[in-house]
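Chemist: Have a look; sequence and predicted model below, questions after that.
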Amino acid sequence: MGVTATFDLAALAKTFPESATTMLLDMRLTDEAAASSRLFRIYEPVPLHYHRGCDEYLLVISGRAVATIGDNAPQEVGPGQLVFFRRGVVHGFREIFEHPLVVFAVDTPRRDPADVTFVDPGSGTVESFLRTVKEY
């Protein structure tokens with residue numbers, strides 16, 4: 001990728017397959033040390049987890065779900081809503097109401113794909129959590 005890039009998030013969201021063997025499929029759009037950006041589809045409820053190395057900005061592109069973020073009460077999120085949380089904050093998507101649930105994420109600094117820690121270690125692994133399907 002060059003110095004600049006333009007991404008059609010709605011068009012890219014339509015390219016995700018209907019099913020996956022992981023909780024999420026991910027397209028890494030940018031991958032700079034200061035920040036990475038990704039588009040991902042969530043296929044099934046995501047257990048509570050956190051990331052040690054980055055803050056996250058999540059913009060819901062399509063779908064609806066119940067999100068748990070930190071100590072806040074679970075809340076429904078949908079298209080156009082931006083959710084922000086700092087590194088170490090526990091979060092998850094406990095119920096999906098409307099598919100496809102597609103989210104655009106900006107991680108600051110860059111998030112290593114292996115940076116996921118489940119609150120209940122038996123609820124998932126790095127391998128069951130995410131698979132990257134495309135990198136730009």
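Modeler: Noted; the coordinates are in hand.
Chemist: hey, let's count contacts and neighbours off CA atoms from now on
Modeler: Will do.
Chemist: which intervals of the chain have sub-threshold pLDDT?
Modeler: Filtered on pLDDT under 70, the chain yields the residue ranges 1-2.
Chemist: Can you identify each of the strands in it by residue range?
Modeler: 24-31, 36-42, 46-50, 55-69, 75-77, 82-85, 91-108, 117-118, 130-135 (DSSP state E).
Chemist: Within its sheet, name the partner strands of the third one and how each one runs.
Modeler: Spelled out, that is strand 46-50. strand 91-108 (antiparallel), strand 117-118 (antiparallel) (DSSP bridges).
Chemist: what would the ones you listed look like in a markdown table with distance to S19?
Modeler: Compiled in a markdown table, these are given as follows (distance: least, C-alpha to C-alpha, whole Å):
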| stretch | distance to S19 |
| --- | --- |
| strand 91-108 | 10 |
| strand 117-118 | 22 |
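Chemist: quick one on the thing from earlier: and the strands of the chain, which is most packed in?
Modeler: Neighbour counts (mean count of other C-alpha atoms under 10 Å) averaged over each of the strands of the chain peak at strand 36-42, with a mean of 24.
Chemist: could you give the angle of that one to strand 24-31?
Modeler: If you take axes from the mean of the first three to the mean of the last three C-alpha atoms, to 10 degrees, strand 36-42 sits at 160 degrees to strand 24-31.
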